[in-house]
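**Q** Pasted the sequence and its predicted model underneath.
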Amino acid sequence: MRLAGAVALVTGASSGIGEATADAVAAAGSKLVVSGRDADRLAVVAARTGAIAVPVNLADPDGPDRLAAAALAAVGRVDLLVSNAGAGWAGPIGELSAATAADMVMLNLLAPMQLARMLAPAMAERGYGRLVFVSSIAGATGVRHEAAYAATKAGVNNLAESLSYELSGQGIGVTLVLPGVVDTPFFRSRGRPYERRWPVPIRPDRVARAIVDAAARDREVVYVPGWLRFPAWLHGVAPGTFRRLASRYS
Ligand SMILES: NC(=O)c1ccc[n+]([C@@H]2O[C@H](COP(=O)([O-])OP(=O)(O)OC[C@H]3O[C@@H](n4cnc5c(N)ncnc54)[C@H](OP(=O)(O)O)[C@@H]3O)[C@@H](O)[C@H]2O)c1
């Protein structure tokens, strides 16, 4: 995909990976719409990148509709959708409230699905576009005490793969991005800090570079850092071995 001159919509652009992605996409020459909940932080990103800011809560049932409508009204079309907004929760499943579980499914899984549903048909009409889904390695393997979060990301992985089969003949590329541990406010927001010594968190701009590179080079699945493809591969080819290792070390 040629990013210069393309029109991009980045969700979760008020912080972390989305903010870094907005910087990288703007630097590549795309016209940009950025979204998030925090209007003040979003306005700072928009001013820096020359973007149009659309503050929306994507956990609201009509949030994705409002975002797609506002983006199309502002810039006319979307060539590149980066569905990045997301939130985590960690702890024993019995301590997860019904409201938090529902919000997490809305934000992490349903919102990317709704945005794809609303924006892909016009991309197909033009025969040009890309959907990027920011998932997580947690969705490829499962993680102790992150069952609900991991389940939403597993759904995103399947959404992206299925859409790539469906849309590849219509000029629409699909990229699934699976980051590992990234140094962002994600852990503070979820209410439980990252406490392991390994893997060491990577910087969000590394994920942003991988997203821009994947969009430009039509890559379908990107692990960041790249070595994460190994545990995902082991999980697929030897699930019993993977579970024994994960039970001991995860
Ligand atoms: N950090 C990691 O280690 C890691 C690892 C793997 C995958 N990921 C994934 O990467 C993505 C970005 O996370 P991050 O690490 O950059 O975290 P972050 O810094 O906390 O950013 C999350 C972004 O999502 C937005 N967001 C949260 N709830 C929202 C809602 N209800 N409606 C609309 N926007 C909402 C936030 O907006 P406001 O701040 O304005 O509310 C913020 O812009 C997420 O999908 C996450 O699951 C992160």
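**A** Yes, it's here.
**Q** Can you pull up the residues of the protein that come close to the ligand?
**A** Residues of the chain found near the ligand (Cβ under 6 Å from any ligand atom) are 12-18, 36-38, 41, 57-59, 84-88, 107, 134, 136, 179, 181-182, 184-186, 189, 204. For the C-beta atoms, the positions are set from N, CA and C on the backbone; glycine is no exception.
**Q** Selecting buried members of those in ChimeraX, what would you type?
**A** The following ChimeraX line selects those of the residues of the chain next to the ligand that are buried, judged by 16 or more other Cβ atoms under 10 Å:
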select :12,13,14,15,16,17,18,36,37,41,57,58,59,84,85,86,87,88,107,134,136,179,181,182,184,186,204
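**Q** Filter the residues of the chain next to the ligand down to just the ones in helices.
**A** Using DSSP state H, the members of those that fall in helices are 16-18, 41, 186, 189, 204.
**Q** for this structure, which helix is longest?
**A** Taking DSSP H as the criterion, the chain has its longest helix at helix 147-167.
**Q** Give me the contact list for that one.
**A** Residues outside helix 147-167 that contact it (Cβ atoms under 8 Å, 6 or more residues apart in numbering): 83, 86, 88-90, 93, 96, 101, 104-105, 108-109, 112-113, 116, 120, 123-124, 131, 133, 135-136, 138-143, 172-176, 178, 190, 220.
**Q** Could you check how sure the model is about the strand or helix carrying residue 242, as an average pLDDT?
**A** Assigned by DSSP states H and E, residue 242 falls within helix 239-249. Per-residue pLDDT over helix 239-249 has a mean of 93.
**Q** among the ones in helices among the residues of the chain next to the ligand, which one has the lowest pLDDT?
**A** Ranked by pLDDT, these bottom out at residue 189, which has 95.
**Q** Taking their axis directions, the longest strand along the chain and helix 147-167 sit at what angle?
**A** Assignment by DSSP state E gives strand 172-179 as the longest strand of the chain. Counting by axes from the mean of the first three to the mean of the last three Cα atoms, to 10 degrees, strand 172-179 lies at 160 degrees to helix 147-167.
**Q** Strand 172-179 - which strands sit beside it in the sheet, and in what orientation?
**A** Using DSSP bridges, the strands paired with strand 172-179 are strand 129-134 (parallel), strand 221-224 (parallel).
**Q** Format those strands as CSV; extra columns: mean pLDDT.
**A** Output for the strands paired with strand 172-179, formatted as CSV (pLDDT from 0 to 100):
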stretch, mean pLDDT
strand 129-134, 98
strand 221-224, 98
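**Q** Tell me which of those sits nearest to residue 209.
**A** Ranking those by their distance to residue 209 (criterion: Cβ to Cβ) puts strand 221-224 first, at 8.8 Å.
**Q** What is the subsequent helix or strand relative to that closest one?
**A** helix 229-237.
**Q** The residue positioned nearest the centre of the chain and residue 184, how far apart?
**A** Taking Cα atoms, centre = their mean, the centroid of the chain lies closest to residue 134, which sits 2.2 Å from it. Counting by Cβ to Cβ, to the nearest Å, the separation of residue 134 from residue 184 is 11 Å.
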